[in-house]
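J.: structure, please.
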Amino acid sequence: MTPYSPVFLVCYRCRLERLPVQEYHILRASLICDGRSIPLLSRLVPSAKQNNSLIQKEFLDELHRCVNPKAKVILITDAGFQSAWFRHIKSLGWDFIGRIRGTVQFCLLHDDERWLKITDVRGKASPEYPGAGWLVRAEYARCSGHFYLHKRETRGRKNQRSRGRLSSPTTEKEKQASAKEPWLIFTSTEEFKPREIMKLYSRRMQIEQNSRDEKSERFGFGLRASYSRSAGRLSVLSLLATLSTIVLWLI
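T.: Numbers count the residues shown, from 1 in each chain. Got it, this is the predicted structure:
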């Protein structure tokens with residue numbers, strides 16, 4: 001599907017899920033591969049600074065320095081990243097594919113006076129291309145791109161939280177709302193068909209599998225059992241897990 005373009009997944013992963021206060025998150029970039037994704041670059045971010053635009057730009061710049069300058073990279077990101085993130089990706093000469101949620105407004109070029117929200121659109125079972133347009137109404141923060149829309153069939157899943165596992169009611173409600181909303185995908189590329197865009201975006205779940213590999217005490221590296229609290233120690237543990245994952249993939 002992308003024979004010459006490396007595809008990276010970038011998202012925030014919760015690190016200290018067993019502690020009463022989730023002090024840190026990990027901003028991680030992983031390479032899409034067959035099966036599990038391969039972690040490439042991770043940065044420990046205090047929860048209070050999650051979605052900080054300066055931290056995100058520094059992370060992108062560092063990732064850009066690690067990649068062949070001639071490579072045409074595609075970054076896939078989940079909902080939560082803002083317009084400044086997308087604009088900085090474009091400034092690096094890369095492409096992005098991300099989901100739009102919440103109250104962010106957008107408009108299509110063929111009707112540029114009508115600003116919409118995700119609640120104003122209705123997706124279909126078959127992916128479609130509404131057209132090119134602008135993300136964010138404020139002129140100083142606008143980002144141009146292409147919009148794709150798809151409403152997946154409801155799978156009837158239920159929350160089956162295991163006994164003793166901490167859970168946030170707010171988080172569960174957010175997940176339920178996300179599952180009911182159509183996928184409004186915003187991207188800088190028009191090289192793919194709507195179905196191919198949705199297939200690429202759906203592979204973001206590989207980074208969830210990678211996160212489970214790190215945390216699981218039975219099947220993974222058991223970082224969930226760590227009582228380390230300092231940023232330095234957690235960064236070292238994350239680095240060791242990343243190196244181990246790469247070595248296991250090479251075997």
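J.: for the record, mean pLDDT for the one helix or strand residue 76 maps to?
T.: Residue 76 belongs to strand 74-77 when elements are defined using DSSP states H and E. Regarding strand 74-77, the rounded mean pLDDT is 94.
J.: buried ones in the helix or strand immediately after that strand in the chain?
T.: On the C-terminal side of strand 74-77, the nearest following helix or strand under DSSP H and E is helix 83-91. Buried residues in helix 83-91, counted by 16 or more other Cβ atoms under 10 Å: 83, 84, 85, 86, 87, 88, 89. Quick note: C-beta positions are derived from backbone N, CA and C, even for glycine.
J.: returning to what we had before: tell me what the strand holding residue 76 is packed against?
T.: For strand 74-77, the elements it packs on are strand 7-14, strand 95-99, helix 194-202, judged by 3 or more Cβ pairs under 8 Å, 6 or more residues apart in numbering; DSSP states H and E.
J.: most packed of the ones you listed?
T.: strand 95-99 (a mean of 24; mean count of other Cβ atoms under 10 Å).
J.: show me where the stretch 1-150 of the chain has strands.
T.: Assigned by DSSP state E, counting those that start in this stretch, the stretch 1-150 of the chain shows strands spanning 7-14, 24-31, 38-46, 74-77, 95-99, 106-108, 111-116, 128-135, 143-150.
J.: gap between the two ends of stretch 12-23?
T.: 13 Å (Cα to Cα, to the nearest Å).
J.: and residue 17, what's its pLDDT?
T.: Value for residue 17, per-residue pLDDT: 52.
J.: poorly predicted segments of the stretch 1-150 of the chain, please.
T.: Counting by pLDDT under 70, the stretch 1-150 of the chain has low-confidence residues at 1-4, 14-22.
J.: re earlier: JSON lines for the strands of the stretch 1-150 of the chain, including distance to residue 65?
T.: Shown next, in JSON lines, are the strands of the stretch 1-150 of the chain (distance: least, Cβ to Cβ, whole Å):
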{"stretch": "strand 7-14", "distance to residue 65": "14"}
{"stretch": "strand 24-31", "distance to residue 65": "12"}
{"stretch": "strand 38-46", "distance to residue 65": "10"}
{"stretch": "strand 74-77", "distance to residue 65": "15"}
{"stretch": "strand 95-99", "distance to residue 65": "18"}
{"stretch": "strand 106-108", "distance to residue 65": "32"}
{"stretch": "strand 111-116", "distance to residue 65": "37"}
{"stretch": "strand 128-135", "distance to residue 65": "27"}
{"stretch": "strand 143-150", "distance to residue 65": "23"}
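J.: what's the closest of the ones you listed to residue 217?
T.: When these are compared by Cβ to Cβ, strand 7-14 sits nearest residue 217, at 16.5 Å.
J.: for the closest one, name the packing helices and strands.
T.: Looks like strand 7-14 contacts strand 24-31, strand 74-77, helix 206-215 (3+ Cβ pairs under 8 Å, 6+ apart).
J.: how about the ones you listed in CSV, adding distance to residue 52 and mean neighbour count?
T.: Shown next, in CSV, are the helices and strands packed on strand 7-14 (distance: least, Cβ to Cβ, whole Å; neighbours: other Cβ atoms under 10 Å):
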stretch, distance to residue 52, mean neighbour count
strand 24-31, 10, 22
strand 74-77, 15, 24
helix 206-215, 20, 19
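J.: any chance of the ones you listed in CSV, plus distance to residue 221?
T.: As requested, the helices and strands packed on strand 7-14 are exported to CSV (distance: least, Cβ to Cβ, whole Å):
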stretch, distance to residue 221
strand 24-31, 14
strand 74-77, 24
helix 206-215, 5
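J.: next, count neighbours for the closest residue to residue 87 other than its chain neighbours.
T.: Spatially, and ignoring its direct neighbours in sequence, residue 87 is nearest to residue 143 (4.9 Å; Cβ to Cβ, 6 or more residues apart in numbering). Using other Cβ atoms under 10 Å, residue 143 has 21 other residues around it.
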